[in-house]
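Novice: Got a sequence here, can you build the structure:
(chains A and B)
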2 protein chains.
Amino acid sequence: MSILQIGAGGVGWVIAHKAAQNNDILGDITIASRTISKCEKIIDSIKGRNNLKDPARKLEARAVDADDVAALVALIKEVKPGLVINAGPPWINVTVMEACYQARVSYLDTSVAVDLCSEGQQVPEAYDPQWAFREKFEAAGITGILGAGFDPGVVSVFAAYANKHLFDEIDTIDVMDVNAGDHGKKFATNFDPETNMLEIQGDSFFWENDEWKQVPCHTRMMEFDFPLVGSHKVYSMAHDEVRSLKEFIPAKRIEFWMGFGDRYLNYFNCMRDIGLLSPDPVTLQDGTVVEPLKVLKALLPDPTSLAPGYTGKTCIGTWVQGKKDGKPRSVFVYNNADHEVAYEDVEHQAIAYTTGVPAITAALLYFQGDWKGHGVFNIEQLDPDPFLELMPRIGLDWGVEELEAKAPHINILK
Amino acid sequence: MSILQIGAGGVGWVIAHKAAQNNDILGDITIASRTISKCEKIIDSIKGRNNLKDPARKLEARAVDADDVAALVALIKEVKPGLVINAGPPWINVTVMEACYQARVSYLDTSVAVDLCSEGQQVPEAYDPQWAFREKFEAAGITGILGAGFDPGVVSVFAAYANKHLFDEIDTIDVMDVNAGDHGKKFATNFDPETNMLEIQGDSFFWENDEWKQVPCHTRMMEFDFPLVGSHKVYSMAHDEVRSLKEFIPAKRIEFWMGFGDRYLNYFNCMRDIGLLSPDPVTLQDGTVVEPLKVLKALLPDPTSLAPGYTGKTCIGTWVQGKKDGKPRSVFVYNNADHEVAYEDVEHQAIAYTTGVPAITAALLYFQGDWKGHGVFNIEQLDPDPFLELMPRIGLDWGVEELEAKAPHINILK
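Specialist: From the prediction side, this is the model:
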């Protein structure tokens, strides 16, 4: 047994730590990235935290260009992993899946392939390039597990769990995500500023009454009282799991909501108003051409620099409303993650931690044979029970809160 | 008689229009700038507005590098003006004064030579490089008139007028500047964004009880009820005339205040927090090196583009408190300028208009012999009476408001 991990950013950092903590089951670990020094830095951190459970197992760094299918196939054939874990940026998903198909090895990722904000690449079509591999993977006798992070990922498992155990009929699925942590900076993003700012500017898509609805960003808002971290304003946003949940768990409305503080939104609106969030190039007086968003990226703190000293908790969960035994029911299935606990465990913050822990939980279920089957599967298509049983031992608890059943109060802004 | 104008930005635009409207006295006009097309555009505007009073007089464009003293001297010797009006950026003042000295021709400008925000070039030393020409100008039999815009400029004339006619003893001189106009943009600057943002970030200097005091920007605030435009928050800032008024009009406290709306300050603070107002270069991921402030300049609207459709009024004046005939007195000597009226007259907005009109008022007084004398003079050293009599005919009214005598309520922030 062994795994090959592609990608050495924040999520890759946590996945590698968690894989190392479970290398008695996962076996040898190879971490590959365009920049080999990023892999080596992760390996140093794993050794520094004493996170290699079985020190006899290999832990190696490799350089690879994940846009190059032939290079990926060659690396896979050399490493011979039981599973390729794609921890790279979303746009490499398709090349890595193609390489896995050609090399006949199973595949797992944590977010959808397409930029949800660009014209013609939006939520309704989000999974098309990856779902196109279904028959090929089935014919090749390999498994593809899509969206095995937290959101997408665990929130979809929560929905599958609610659908299996808590409801006879589901009306609404609202995925709720708030980071109530404090990194001590006036303004910073928790992951790549360019990706983050494009995502936040995009229109929101939600599924309602058998059709897709598209609205401008920050125009649908709710206040929600989260366990442990209290009441927060959350805003409707385009997100991967809205697309896949719509496919696999019937509901009248499916929507994703992210918490933004008034302070964060003020910075966001100011930067947008002056044109700093645009990817369209501008020409300076001396003739230099730059993309404003790339200038912002250079100005803001490197997200990986935020982890030391990051305090507070996140709360991400799935709010499901519907009927059970003929009566209205409303439940919130959720996790609280703590930035300091994450840092203590793997030297990173909770945003990356909540994505990396589920990926390794899913990988372990695949290796143990709890999740099997040939083809391509979104995580909510698989049995939620072994996943939710295992995840707390890998690092993330979960809970179920019964709420008063009533229609969400959605504020339409502007 | 003739004039040579150096500079073809916003202030140069208005100066040229106003010179043309008074070319029966000022004579031929030559407008020179590094970029000759900017001069030609102004000439087109003057002709389009029918602003050339005596069409027989010449109105010409020339190219000149104002950093090159020899080139300036050659141009002056060729044009043989009675006065050089420096309408260029502040950093050319010294080279233009040197050229005027070498060519034995009188000089006039509208702002001080140094950047008031850079280390070692601050308010107490602001006029040193230009005052160094006093003896040379006197010996050469020529006149230098410094700071003949609105602020610096008219506000200092107002102080001289108050000192001459309204007070026996002055306690405080507060120069108050608010632009209550609306350019319809979410955020824009009324003059060069780079200069504007550097100026606003700098420490404030004020003169109090026989010494200079230096405080961080936006930490001293007053609310002041301006004629016509109402109550506005104004903040203590470094400004040219604080230095020269201290030299020529004795007072216990001399300070400059500029109005900033909460909305403007919110944008300013946000941009500063993320590092966008810094002149220090940053390196982008692809290796491109840029100064954030120059990127901001490329993003914001060109200030000259704001003039059409600019509505509302400015109010700039000098609030003087002291004693007259043994009794406390408080007066506000001020002007209101209207953006739409300015545009109708010279195709520009009121910020540039209030700077250009006084410059031509002063030039006319020099040509008519009301202001004479050899050497270098700040405008408050000259007789205020003929200036205040002439200025309304050139385009700007003024008034005196008697206020209740009481100590200003200065809020210390942060």
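Novice: helix or strand right after the helix or strand containing A:Val96?
Specialist: For A:Val96, the element it lies in under DSSP states H and E is helix A:93-103. Later in the chain than helix A:93-103, the nearest helix or strand by DSSP H and E is strand A:106-109.
Novice: and that next one, how far out from the chain's middle?
Specialist: Distance of strand A:106-109 from the chain centroid (Cα atoms, centre = their mean, to the nearest Å) equals 14 Å.
Novice: other SSEs contacting that strand?
Specialist: Under the contact definition 3 or more Cβ pairs under 8 Å, 6 or more residues apart in numbering or on different chains; DSSP states H and E, strand A:106-109 sits against strand A:83-86, helix A:93-103, strand A:143-146, helix A:350-368. Backbone N, C-alpha and C define where each C-beta goes, glycine included.
Novice: on that earlier part again, which helices and strands does the helix holding A:Val96 pack with?
Specialist: helix A:69-79, strand A:83-86, strand A:106-109, helix A:128-131, helix A:134-140.
Novice: and the closest residue to chain B within the stretch 1-150 of chain A, what does it touch?
Specialist: Nearest residue of the stretch 1-150 of chain A to chain B: A:Thr35, at 11.9 Å (Cβ to the nearest Cβ). For A:Thr35, the contact set (Cβ atoms under 8 Å, 6 or more residues apart in numbering or on different chains) comprises A:8, A:63.
Novice: now do A:Trp207
Specialist: A:213, A:242, A:245-246, A:251, A:253-255 are the contacts of A:Trp207 under Cβ under 8 Å, 6+ apart.
Novice: Restrict the helix or strand that contains it to CA atoms and write it as PDB.
Specialist: According to DSSP H and E, A:Trp207 maps onto strand A:204-208. What follows is strand A:204-208, C-alpha atoms only, in PDB (Å, rounded to 0.1, in the frame of the first residue of the first chain):
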ATOM      1  CA  SER A 204     -24.500  32.900  -6.400                       C
ATOM      2  CA  PHE A 205     -26.300  29.800  -7.800                       C
ATOM      3  CA  PHE A 206     -28.900  27.900  -5.800                       C
ATOM      4  CA  TRP A 207     -31.300  25.200  -6.700                       C
ATOM      5  CA  GLU A 208     -35.000  26.000  -6.000                       C
END
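Novice: Next secondary structure after that strand?
Specialist: strand A:211-215.
Novice: List the neighbouring strands of the helix or strand following that next one plus their orientation.
Specialist: Using DSSP H and E, the next helix or strand after strand A:211-215 towards the C-terminus is strand A:220-226. According to DSSP bridges, strand A:220-226 forms sheet pairs with strand A:230-237 (antiparallel), strand A:411-412 (antiparallel).
Novice: Can you give the contact residues for the shortest one?
Specialist: In this structure, residues lying in contact with strand A:411-412 by Cβ under 8 Å, 6+ apart are A:219-222.
Novice: Mind jotting down where the strands sit in the stretch 201-350 of chain A?
Specialist: For the stretch 201-350 of chain A, applying DSSP state E, counting those that start in this stretch gives strands covering A:204-208, A:211-215, A:220-226, A:230-237, A:253-259, A:282-283, A:289-290, A:313-324, A:327-338.
Novice: Pull the number of nearby residues for the residue nearest to A:Leu146 when sequence neighbours are not counted.
Specialist: Leaving aside its sequence neighbours, A:Leu146 sits nearest to A:Asn378 (Cβ to Cβ, 6 or more residues apart in numbering or on different chains; 4.9 Å). Close neighbours of A:Asn378, defined as other Cβ atoms under 10 Å in any protein chain shown, add up to 26.
Novice: ok, now how distant is A:Asn378 from A:Gln321?
Specialist: Using Cβ to Cβ, to the nearest Å, A:Asn378 is found at 22 Å from A:Gln321.
Novice: ditto for A:Ile3
Specialist: Relative to A:Gln321, and taking Cβ to Cβ, A:Ile3 is found at 38 Å.
Novice: Please apply the same query to A:Asp44.
Specialist: Taking Cβ to Cβ as the measure, A:Asp44 falls 47 Å from A:Gln321.
Novice: what's near enough to touch the nearest residue to A:Lys185 once chain neighbours are set aside?
Specialist: Distances taken as Cβ to Cβ, 6+ apart put A:Pro301 closest to A:Lys185, at 5.6 Å, once the chain neighbours are dropped. Contacts of A:Pro301 were listed using Cβ under 8 Å, 6+ apart, and they are A:183, A:185, A:188.
Novice: that's a strand at the last one, yeah?
Specialist: Right, the one you point to is A:Ala188. No. Assessed with DSSP: H, G, I helix; E, B strand; the rest coil, A:Ala188 is coil; it does not lie in a strand.
Novice: okay, now it: neighbour count?
Specialist: Neighbours of A:Ala188 (other Cβ under 10 Å): 18.
Novice: for the second one, same thing?
Specialist: By the other Cβ under 10 Å criterion, the neighbourhood of A:Lys185 contains 15 residues.
Novice: Next, it: secondary structure please.
Specialist: A:Lys185 is classified as coil under three-state DSSP.
Novice: is it true that it touches A:Ser305?
Specialist: No. Using Cβ atoms under 8 Å as the test, A:Lys185 is too far from A:Ser305 to be in contact (9.1 Å).
Novice: The spatially most central residue of chain A and A:Lys213: what is the separation?
Specialist: In chain A, the centroid-proximal residue (Cα atoms, centre = their mean) is A:Gly149; its distance is 4.2 Å. Relative to A:Lys213, A:Gly149 is positioned 25 Å away (Cβ to Cβ).
Novice: which stretches of the stretch 1-150 of chain A have low pLDDT?
Specialist: Within the stretch 1-150 of chain A, the ranges that satisfy pLDDT under 70 run A:114-121.
Novice: oh sorry, the question was meant for the stretch 251-400 of chain A
Specialist: Of all residues in the stretch 251-400 of chain A, none has pLDDT under 70.
Novice: Write out the residues of it neighbouring chain B.
Specialist: A:266-267, A:270-271, A:273-276, A:282-286, A:288, A:290, A:292, A:294-300 (Cβ under 8 Å from any Cβ of the partner chain).
Novice: Among the residues you listed, which are located in helices?
Specialist: If you go by DSSP state H, these have A:266-267, A:270-271, A:273, A:292, A:294-299 in helices.
Novice: Any idea which residue of the stretch 101-250 of chain A lies closest to chain B?
Specialist: Closest point on the stretch 101-250 of chain A to chain B, by Cβ to the nearest Cβ, is A:Lys186, at 4.2 Å.
Novice: isn't that residue right up against B:Gly275?
Specialist: No. Taking Cβ under 8 Å as the definition, A:Lys186 is not a contact partner of B:Gly275, at 9.8 Å.
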